[in-house]
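J.: Quick one: sequence and predicted model below, then my questions.
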Amino acid sequence: MNFAFGAARGLYARKIHPRVLMGPEDLKRLQTAVRSGTGRRLFVALRRKTDSLRDRVLSTEALPEMLSQWNAKWDNPGTTVIWGLHDMALVASIAGEAKMIEAVRRVLVALPEADKILGRDGKNVGYGMEPYVPLAYDLLHDLLPESDCAVFRRWALDFFVRFTLEKPHRFLFNSAGANIPMGEMLTGFAGLLAIDGDPGLPDLASEKDTYVRMLEASLNAGIGPEGYPEEDGGYGFGMAGWLAYDAEAARRAGLLDPYR
């Protein structure tokens, strides 16, 4: 896996997926690594987790309804599906299993309807989603029908990039270490990086610049010298870990090097 600054610039320029946290060559290496030894043991464990999520999705007759309530309560059936979607997509990408690909596809195309069902007041369908859904789209982009990709990215542009940007942007710079605006920012930024440059989308350079400034503010507030105290073992640890997803993705894209 290559996390050097700008490592994915060429992938973005050529509009190649996946690119957010890994590229096609990284995926090939993983496909080899899971055939034996530690890699195989890790993949077996990952399959054990994701097979149950796959079966839950494929057996659900009201998927948008289930997904709309994924974060209304953390013990809802849709919660583990959303939080495990990037793992499901990784397994599908490595194994090429048709049923796993279909399960992830169904979730991606059901999210626009789930968004309508829950609405965007209060705890909307993207609250706390972090990178899970955008990473799943990025990983499986080339294995999905273009019509389904178009459905998802139109919604992702409207919701992840634009709505999510408008909501926390009003106050994130005054509370950049707070979990709610930070979580919405991380979801939006990951969504932008996943769909950037795809067919039918406008130039997102301005939105990208804003997200980079927001990410940098949260990095400074969350894990800088005046960031979360050492004793904050709850949201502090969780948010610092989630920050790493977007920080590494921004570094790969050549947008921000948080280690400098």
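T.: Arrived safely. Owing to the predicted nature of the structure, the values given are computational and were not obtained by experimental measurement.

J.: switch to C-alpha atoms for all contacts and neighbour counts from now on
T.: Will do.

J.: which stretches of the chain form helices?
T.: With DSSP state H applied, the chain shows helices at 9-13, 24-33, 37-59, 63-68, 77-83, 85-95, 98-118, 132-140, 146-156, 164-169, 179-195, 205-223, 235-253, listed in chain order.

J.: distance between the fourth one and the chain's centre?
T.: Pointing back at helix 63-68 there. Using CA atoms, centre = their mean, to the nearest Å, the mean C-alpha position of helix 63-68 is found 18 Å from that of the whole chain.

J.: now the longest one
T.: Using CA atoms, centre = their mean, the mean C-alpha position of helix 37-59 is found 19 Å from that of the whole chain.

J.: same check, this time on stretch 210-226
T.: Averaging C-alpha coordinates over stretch 210-226 and over its chain gives two centres that are 19 Å apart (CA atoms, centre = their mean).

J.: Any chance you could list what contacts that stretch?
T.: Under the criterion CA atoms under 8 Å, 6 or more residues apart in numbering, residues 165, 169, 172-173, 176-177, 182, 185-186, 189, 227-228, 236, 239-240, 243, 246-247, 250, 255-256, 258 lie in contact with stretch 210-226.

J.: again, but for stretch 252-260
T.: 2-9, 12, 20-21, 212, 216, 219, 247, 250-251.

J.: 7 Å instead?
T.: Judged by CA atoms under 7 Å, 6 or more residues apart in numbering, the contacts made with stretch 252-260 from elsewhere in the structure are 3, 4, 5, 6, 7, 8, 9, 212, 247, 250, 251.

J.: quick one on the thing from earlier: dump the helices of the chain to a markdown table, plus mean pLDDT and distance to residue 126.
T.: Conversion of the helices of the chain to a markdown table gives the following (pLDDT from 0 to 100; distance: least, CA to CA, whole Å):
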| stretch | mean pLDDT | distance to residue 126 |
| --- | --- | --- |
| helix 9-13 | 97 | 25 |
| helix 24-33 | 95 | 27 |
| helix 37-59 | 96 | 18 |
| helix 63-68 | 95 | 9 |
| helix 77-83 | 92 | 10 |
| helix 85-95 | 96 | 14 |
| helix 98-118 | 96 | 8 |
| helix 132-140 | 96 | 9 |
| helix 146-156 | 97 | 10 |
| helix 164-169 | 74 | 8 |
| helix 179-195 | 90 | 7 |
| helix 205-223 | 90 | 17 |
| helix 235-253 | 87 | 15 |
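
J.: can you list the ones you listed in a markdown table and add distance to residue 125 and mean neighbour count?
T.: As requested, those are exported to a markdown table (distance: least, CA to CA, whole Å; neighbours: other CA atoms under 10 Å):
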| stretch | distance to residue 125 | mean neighbour count |
| --- | --- | --- |
| helix 9-13 | 28 | 15 |
| helix 24-33 | 30 | 14 |
| helix 37-59 | 17 | 15 |
| helix 63-68 | 6 | 22 |
| helix 77-83 | 10 | 21 |
| helix 85-95 | 15 | 23 |
| helix 98-118 | 5 | 19 |
| helix 132-140 | 11 | 25 |
| helix 146-156 | 12 | 17 |
| helix 164-169 | 11 | 19 |
| helix 179-195 | 11 | 26 |
| helix 205-223 | 20 | 18 |
| helix 235-253 | 18 | 20 |
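
J.: Any idea which of those helices gets closest to residue 124?
T.: Comparison of these against residue 124 by CA to CA identifies helix 98-118 as nearest, at 6.4 Å.

J.: what is the orientation angle of that closest one with helix 85-95?
T.: Between helix 98-118 and helix 85-95, the angle comes out at 160 degrees (axes from the mean of the first three to the mean of the last three CA atoms, to 10 degrees).

J.: nearest residue to residue 20 other than its sequence neighbours?
T.: Setting aside the residues directly before and after it, residue 20 is nearest to residue 249 in space (CA to CA, 6 or more residues apart in numbering), at 5.4 Å.
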